[in-house]
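Engineer: Below: sequence and its predicted model.
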Amino acid sequence: MDDTRDPAWNLALDEALARAGVPSPMTLGPGWAGPGLARDAEGALPRDVVRSVVEAPVLRVWENGPGIVVGRFQDLGRAVDLAACARDGVRVVRRATGGGALYTGPGCLLFTLVRRLPPTGGPAARPGTRPGARPGARPDSRPDLDVLVARAVRRLGLPARALRGGAVRTARLRTRRAVLTHVAVRVTEECVLGDRYLAEGERTGQAGGGSLTGHGAEVTPDAVRSAVLAAAAESYGDACTRRPNAIEQACRDHLYAVRYGDFSWHLTGAPARRGICWEQICR
């Protein structure tokens, strides 16, 4: 649960959720837990409840203000019409996941699922480091976010082709601690109009079908959000709402300082201000 529509801060928080370690109950910070969690007679959260929440998968639903989000390894000059963006004041940011460029803004819903990887349970790989996930380790067998979104789209009465043609876009990031999956769902034709800020080869929906409503269905962002949340609850159980905890906020702020708040990162993918990485701090 986070309220900003600033794309750089949103991307910093997403990566922080995948890189921040599981905190102890003493380092969560105040105000992170939402209502609905079982509390003791004094109103405090029991330790086992706290641990189950912070180790659980995190599903985030968010929206950006108008702008272009490019993939981690894309050449900005080839992916984006920079002259058009400069002319109209359209912001361009780079994410940590791969894939192609995408216009986000009104009519585009963004979903993130972060699933923890099982720890090694053994000694650290190098002296002075903490053990991470086993090489090749995978999250549990419950479906990933793209599967949940596909289920939701079908239940809304949309054809299978609605998942193609640029209406639904998926990208992933694997860290030492977690696997992050991004899914962007272009619900209305309003967001497809932003494709004019992309380079010719990056544009989608030129012949229709670049959004869910382009396939002839009368759906709204609220309906899509509800359908995806329902599909997630079926596979992962009931959810509780929470805000980023203190560790996640600190990681987000660090990533914004060295990456997402740095023009060099968005331009080239290489931040100018190099410093200690967050995973070194977390060791």
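Structural biologist: Great, that's in hand.
Engineer: where along the stretch 1-150 of the chain do the helices fall?
Structural biologist: 7-19, 47-55, 76-79, 82-88, 145-155 (DSSP state H, counting those that start in this stretch).
Engineer: Just put these in TSV and tack on mean neighbour count.
Structural biologist: From N, CA and C alone the C-beta is placed, and that goes for glycine too. Below are the helices of the stretch 1-150 of the chain laid out as TSV (neighbours: other Cβ atoms under 10 Å):
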stretch	mean neighbour count
helix 7-19	24
helix 47-55	15
helix 76-79	15
helix 82-88	13
helix 145-155	20
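Engineer: could you check the angle helix 145-155 makes with the helix or strand hosting Val183?
Structural biologist: Secondary structure assignment for Val183, by DSSP states H and E: strand 178-186. Counting by axes from the mean of the first three to the mean of the last three Cα atoms, to 10 degrees, strand 178-186 lies at 30 degrees to helix 145-155.
Engineer: now strand 178-186: how far from the chain's centre is it?
Structural biologist: 5 Å (Cα atoms, centre = their mean, to the nearest Å).
Engineer: Repeat that for stretch 213-231.
Structural biologist: With Cα atoms, centre = their mean, you get 19 Å for stretch 213-231.
Engineer: before we move on, what about stretch 4-13?
Structural biologist: That offset, for stretch 4-13, works out to 10 Å (Cα atoms, centre = their mean).
Engineer: ok, now stretch 140-149?
Structural biologist: So, by Cα atoms, centre = their mean, the centroid of stretch 140-149 is 14 Å from its chain's centroid.
Engineer: what about that stretch, how long is it end to end?
Structural biologist: Distance across stretch 140-149, first residue to last, is 18 Å (Cα to Cα, to the nearest Å).
Engineer: Excluding chain neighbours, what is closest to Asp88?
Structural biologist: Nearest residue to Asp88, sequence neighbours excluded (Cβ to Cβ, 6 or more residues apart in numbering): Tyr197, at 7.4 Å.
Engineer: swap that for Arg155, sorry
Structural biologist: In this structure, Arg155 finds its nearest non-sequential neighbour in Ala227, 5.8 Å apart by Cβ to Cβ, 6+ apart.
Engineer: Surely the one you found is in a helix?
Structural biologist: Yes. Checked against DSSP: H, G, I helix; E, B strand; the rest coil, Ala227 lies within a helix.
Engineer: that older thread, same question for the strand holding Val183, mean pLDDT?
Structural biologist: The pLDDT scores in strand 178-186 average 94.
Engineer: Which elements pack onto that strand?
Structural biologist: When contacts are defined as 3 or more Cβ pairs under 8 Å, 6 or more residues apart in numbering; DSSP states H and E, strand 178-186 packs onto helix 7-19, strand 108-116, helix 145-155, strand 168-174.
Engineer: wait, which of these is closest to Arg72?
Structural biologist: strand 168-174 (8.2 Å; Cβ to Cβ).
Engineer: Relative to Gly67, which of the helices of the stretch 1-150 of the chain is closest?
Structural biologist: Using Cβ to Cβ, the nearest of those to Gly67 is helix 7-19, at 5.1 Å.
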